[in-house]
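Undergrad: Please work out how this folds:
(2 chains)
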Amino acid sequence: MKSPFHSIRWRVQAWHGLILLGAVIAFCFTAYRLAWNNQLQAIDHGLWVSEAKLGAALMRNIPPAPGAGAKEDDNPPFSPAHLVERLRRGAGTLPPEVASTFEGMAPGYAYFSLRDASDSIYLQSANAPEGLVLLPMPAGPYADEWHTIGHRREVLRSSSPGLRSLVGRDISPELDAMHRFGWSLGASGLAVWLLGLLGGWWIAGRAIQPIAVISRTAAHIADGHLQERISTTGADSELDQLSRVLNHTFDRLQDGMEQQKQFIADASHELRTPVTVLLSETHRILKHDRERTPEEYREVIQTCRDSAHRMRQLIEPLLLLTRQETQGATAPRRPCDFSGILRDTLEQLGPLAAEREIQLHADLQPAACLGDPAALAILATNLLANAIQHNRDGGSVFVRCERHGQSTTLTVRDDGPGIGPADLPHIFERFYRADKARASADGHAGLGLAIARTIVENHGGTITAQSTPGEGAVFTVTLPADGVRPNP
Amino acid sequence: MRLLVIEDDSALRQSLAATLREENYAVDTAADGEEGAYKARYGGYDAILLDLMLPRLDGWQVLARLRPECRTPVLMLTARDAVTDRVKGLNEGADDYLTKPFDIDELLARIRALIRRAAGRTHPVLAIGEVSVDTALRRVMRDGVEIALTAREYALLEYLAVHRSEIVTRTMLYEHLFDEDDSTLSNLLDVHVSNLRKKLGRDLIVTRRGHGYCIE
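TA: Sure thing, here's the model as predicted:
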């Protein structure tokens, strides 16, 4: 916005001004031409009338040729041959009322000249300007021409009997009038143009005003007022569409920030209790100058160690989840056999299951797929450990892995107490625990299934859970063969 | 003074109980909301430390069961630090609020202040004639000289001083000075009273036959 030419309003205004200027100039030019043509027609008509009067007067006043007939005709028909004949016979004179129209040099004066083929003058008005050039003798019987020389308009004719005529007049009054007309036209054109510029500035301002509002609101939102939105009018204008797109973006941003905030709050919440235990125990053991037995110290240190252990059990899955969320989707994909990963996991978890006399049943068919083997191993561990931990003692866990066309399906079923219908929609949420009370003392942060879901989604797959309370739960994972999260 | 700690995390519960016992409080504990609410109603405590996230009944529900009949001061301990949580806790009948992780000294100071306020005293030093009891420093002075008392003797004197001009029955003393696990014999109370009289003067604690003791 620093240079005015970077502003949309200024650029719109510049183009608008240019186009308007072109239109105004074209209009003024056309109007001037039309007015001039009109004026010229009137002048030409006047010239024609003067010429006709002159011709008529000459035909009447020049004495008839001898032998041509004694009868004096008041209005003999005009004929060049006849006129030439008469002019040759003697210098004709004009009646005063006609001669007076071809006199003087007052603005608008008229003049004439009649000459023969060799440019010798038959008759010419006294006020005829020097250096008149008449039409040459025509190739045919007759030729004429209208032209403007300087501030004179002339009509020139020549005819084969040897008569060449020129009737002209001074058009400086008309030229002056056109001049004045031109100036006033220019002035009005300028006024229209300036008015147009003002109107354009106003309209451009109005058109971009919503943009200013949008940018102000967006800046305000960017400053941290995430709950604000750009107001939309409900009309389907282009700016309204832009506002809606921006609002949608802000919604998603706010959701993301809220999730992040919630996650941080949850994580710190989970860490608070063990930290409190650490502080309380160390404070107690160090506070009094009373004698402590080695046994007491041992107990306190044991408690502190347990607390630290709990924090580690929280921090590790937290880091794992964060890593999966930030880098999991872009980790390199390698061909691997999902059934092999599951077999290794079952082997690792065997002792945990044996501790509680839980039977592990596996039906693993080779399932080659592309994926991040480390992440898939975490997925398998989390699902199987979940099935073992939430089972009853002496229960069973069924693991099944098979390939269906292009996708791999993993099913983990247990016959434990199952998941309540109220908890089922939430079990993949971070820190969600079905039993509400803190279970972190037994080492579960409530992140295992959230991590599992993130890994599955990073591989472009789906994970679902079904459960009938009292009859156990079934987790189904479907992974596509290419193992890549599709771009939204 | 007798306290009830309602906290489901066993490590924290044991640690708090141990800390408070070393400060000469009689401490009972409860691991879930239901047990906590039951004990709080019938145990006659001087203050209750209540965690918010509890199994079976959460902190809000425990508060709802206690108020308004039970007037024991409640200090809420919670990992939730949002202002709305704190406001809700205080509005629903909690007397004070501490966010985990808290400083133990602050916790102790708040407990002392709660008990003092509940008994209608605002200053930590209670003066009874020439004897003064500093409840913050747990120190007893007589004529400007510090008198050494055992923890039990101090607790007995503090309870009587806080409830000055009231007749304190032997049952009340048992309830407030000894926790559930204590199996002290009843004549020990007389021994403590006799020791206090020796150290602080014969007339300080008056025996009301058939009723109990009183500091006038």
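
Undergrad: Pull the distance from the helix ranked longest in chain A to the chain's centre.
TA: Using DSSP state H, we find that the single longest helix of chain A is helix A:8-61. The offset between the C-alpha centroid of helix A:8-61 and the centroid of the whole chain comes to 45 Å, using CA atoms, centre = their mean, to the nearest Å.

Undergrad: Who are the packing partners of that helix?
TA: For helix A:8-61, the contact count by 3 or more CB pairs under 8 Å, 6 or more residues apart in numbering or on different chains; DSSP states H and E identifies helix A:80-89, helix A:96-99, strand A:110-115, strand A:142-149, strand A:152-159, strand A:163-170, helix A:172-222 as packing neighbours. C-beta here means a position set from N, CA and C on the backbone, and glycine is covered the same way.

Undergrad: So, low pLDDT: which residues of chain B?
TA: In the prediction, chain B carries residues with pLDDT under 70 at positions B:180-187.

Undergrad: how is it carved up into domains?
TA: In terms of domains, chain B is parsed into B:2-118, B:125-215 (source: automatic domain parsing).

Undergrad: how long is the last one end to end?
TA: For domain B:125-215, the separation between the terminal residues is 15 Å (CA to CA, to the nearest Å).

Undergrad: Same question for stretch A:198-211: list its buried residues.
TA: Along stretch A:198-211, these residues count as buried under the neighbour rule (16 or more other CB atoms under 10 Å in any protein chain shown): A:200, A:201, A:204, A:208, A:210.

Undergrad: From these, pick the one nearest chain B.
TA: Taking CB to the nearest CB as the measure, chain B sits nearest to residue A:210 out of these, at 36.4 Å.

Undergrad: burial measure for the closest residue to the closest one other than its chain neighbours, as a count.
TA: Leaving aside its sequence neighbours, residue A:210 sits nearest to residue A:239 (CB to CB, 6 or more residues apart in numbering or on different chains; 4.5 Å). Using other CB atoms under 10 Å in any protein chain shown, residue A:239 has 18 other residues around it.

Undergrad: so residue A:239 is in which element?
TA: Assigned by DSSP states H and E, residue A:239 belongs to helix A:238-287.

Undergrad: Name the SS class of residue A:122, please.
TA: Here residue A:122 is strand, with the state taken from DSSP: H, G, I helix; E, B strand; the rest coil.

Undergrad: Run a quick check on it versus residue A:116, I expect a contact.
TA: Yes - when contacts are counted by CB atoms under 8 Å, residue A:122 is listed as touching residue A:116 (6.3 Å).

Undergrad: Pull up the overlap in contacts between those two.
TA: By the contact definition CB atoms under 8 Å, 6 or more residues apart in numbering or on different chains, residue A:122 and residue A:116 are jointly contacted by residue A:163.

Undergrad: Looking at those two, which one has more neighbours?
TA: A side-by-side neighbour count of residue A:122 and residue A:116, using other CB under 10 Å, places residue A:122 first with 20 against 17.

Undergrad: Please report how far that one lies from chain B.
TA: Counting by CB to the nearest CB, to the nearest Å, the separation of residue A:122 from chain B is 118 Å.

Undergrad: Give the burial count for the residue in chain B positioned nearest to chain A, as a bare number.
TA: Per CB to the nearest CB, residue B:55 is where chain B lies closest to chain A, at 3.3 Å. In terms of burial, residue B:55 registers 15 neighbours under the definition other CB under 10 Å.

Undergrad: Doesn't it belong to a helix?
TA: No - following the definition three-state DSSP, residue B:55 is coil and is not counted among the residues of a helix.

Undergrad: Alongside chain A, which residues does chain B contribute?
TA: Residues of chain B lying near chain A by CB under 8 Å from any CB of the partner chain: B:8-12, B:14-16, B:18-19, B:22, B:32, B:53-56, B:58, B:79-80, B:82, B:99-105.

Undergrad: So which of those sit within helices?
TA: Short answer: the residues of chain B next to chain A in helices (DSSP H) are B:10, B:11, B:12, B:14, B:15, B:16, B:18, B:19, B:22, B:104, B:105.

Undergrad: could you pull out the strands for chain B?
TA: Secondary structure of chain B by DSSP state E: the strands cover B:2-6, B:26-30, B:47-51, B:74-78, B:96-99, B:125-128, B:131-134, B:139-142, B:145-147, B:168-169, B:205-208, B:212-215.

Undergrad: Deepest in the core, which of those is it.
TA: Mean neighbour counts were compared across those using mean count of other CB atoms under 10 Å in any protein chain shown; the top stretch is strand B:47-51, at a mean of 27.
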